[in-house]
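J.: Show me the folded form of this:
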Amino acid sequence: MTVALIIEQILNGIQLGTMLFLMASGLTLVFGVMGLINLAHGSFYMAGAFVTAIVAATTGSFWIGLLVGTLAAAAIGVVIEFTIIRRLYDRDHLDQVLATFALILIFSEGTYMIFGSSPMFLSIPQELRGSVNLPLDISYSKYRLAIIGMGIVVAVGLYLLISKTRLGMRIRAGENDREMIGALGVDIKTLYTLVFALGAGLAGLAGSTIGALQSVRVGMGEPVLIMAFVVIVIGGIGSIKGALVGAVLVGVVDTMGRVFLPMTLSNFLPASQAMSIGSSISAMLIYIMMAAILAFKPNGLFGSK
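T.: Numbers count the residues shown, from 1 in each chain. Take a look at the predicted model:
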């Protein structure tokens, strides 16, 4: 176990955390402002990836595909919010869960009917292929570094949006007292649509970027959605800062556990047992971390009471 390997896996964890942040930030905004439990958030992640793969294959440009995929996910979010989600705001959480779970099935079956079960593949853009040399003789993927950089840019952009703009002021007010801002003349329906579209667009951006590292396939959003919910519980519901910190924690812990737990156990157990036991324990690490954090911070690291 070398220092270079440890640093490389930390970077991989941060890259995974960046993708989770894009998912979780939109999810926590939607829940914090609108009080909506949206299980279909992973479907926007999948939609963004599929649209990006199709447009990139058609135009030959990854960047055009990325832009169109992100905008398409946001547009789909607007349509879903206007036609379905808007009717759920005054319903209890059970109704929201059932309705958005139904949307998962509709998205998955619809995508399967259109594209089939075979995965699609998205190529890394030419300028980001290969690796870059870092200190300590570390060679690391340019594309993964670009994803980390993109996450930093998005985090700064969200901070400026939430804290420095009139729209951000309304979003923050909506988190605290949505009835009052409605009484003050703010168009609540339009605000909700904008927030939902922003969350869907961020999920689509996450799916579009990760599609070049993994295959684009039906149902790819559900495993990520589970991890995104862990992120917002750890960070605190409604907190963008909490989503960022929670995403990095989850990404690093999950990546380091999957790589180093089997390696460590192999010093004491046969290789096959070490791999089996290590993989099982590492799959539970983020949930163990979540339980430990909630034991001391029941509202999450940055959640309000």
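J.: The residue nearest to residue 189 when sequence neighbours are not counted: neighbour count?
T.: Nearest residue to residue 189, sequence neighbours excluded (C-beta to C-beta, 6 or more residues apart in numbering): residue 86, at 7.0 Å. Where C-beta positions appear, they are placed from N, C-alpha and C, glycine not excepted. Residue 86 has 15 neighbours, counted by other C-beta atoms under 10 Å.
J.: Residue 86 touches residue 190, doesn't it?
T.: No - contact between residue 86 and residue 190 fails when scored by C-beta atoms under 8 Å: they sit 11.2 Å apart.
J.: if you average pLDDT over the helix or strand containing residue 201, what comes out?
T.: Assigned by DSSP states H and E, residue 201 belongs to helix 188-210. Model confidence over helix 188-210 averages 88 on the pLDDT scale.
J.: cool, and stretch 266-278?
T.: 78.
J.: Could I get the full set of helices for this protein?
T.: Ranges of helices within the chain are 3-34, 41-59, 62-83, 93-115, 142-164, 166-176, 178-183, 188-210, 221-235, 240-265, 271-296, based on DSSP state H.
J.: Tell me what angle the third one forms with helix 188-210.
T.: Inter-element angle recorded for helix 62-83 and helix 188-210: 150 degrees (by axes from the mean of the first three to the mean of the last three C-alpha atoms, to 10 degrees).
J.: got it, and the fifth one?
T.: In this structure, helix 142-164 runs at an angle of 160 degrees to helix 188-210, with the same axes, to 10 degrees as the basis.
J.: Could I get the buried residue list for helix 142-164?
T.: 143-148, 150-151, 154-155, 158, 162 (16 or more other C-beta atoms under 10 Å).
J.: Between helix 240-265 and that helix, find me the angle.
T.: 150 degrees.
J.: If you count contacts, what does helix 142-164 end up packed against?
T.: In terms of contacts (3 or more C-beta pairs under 8 Å, 6 or more residues apart in numbering; DSSP states H and E), helix 142-164 is packed against helix 3-34, strand 131-134, helix 166-176, helix 188-210, helix 240-265.
J.: in this structure, which segments are predicted with low confidence?
T.: 1, 172-185, 187, 304-305 (pLDDT under 70).
J.: Of all residues in it, which one is nearest the centre?
T.: By C-alpha atoms, centre = their mean, the mean C-alpha position of the chain lies nearest to residue 23, the distance being 2.0 Å.
J.: The residue nearest to that residue when sequence neighbours are not counted - how many residues pack around it?
T.: Spatial nearest neighbour of residue 23, chain neighbours left out: residue 228 (4.0 Å); criterion: C-beta to C-beta, 6+ apart. The number of residues packed around residue 228, counting by other C-beta under 10 Å, is 30.
J.: show me the contacts for residue 228.
T.: 20, 23-24, 27, 41-42 (C-beta atoms under 8 Å, 6 or more residues apart in numbering).
J.: nearest to residue 260, of those residues?
T.: Proximity of the contacts of residue 228 to residue 260, judged by C-beta to C-beta, is greatest for residue 20, which lies at 19.7 Å.
J.: What is the burial count for the closest residue to that closest one other than its chain neighbours?
T.: Once flanking residues are discounted, residue 20 sits nearest to residue 247: 4.0 Å by C-beta to C-beta, 6+ apart. By the criterion of other C-beta under 10 Å, residue 247 has 30 neighbours.
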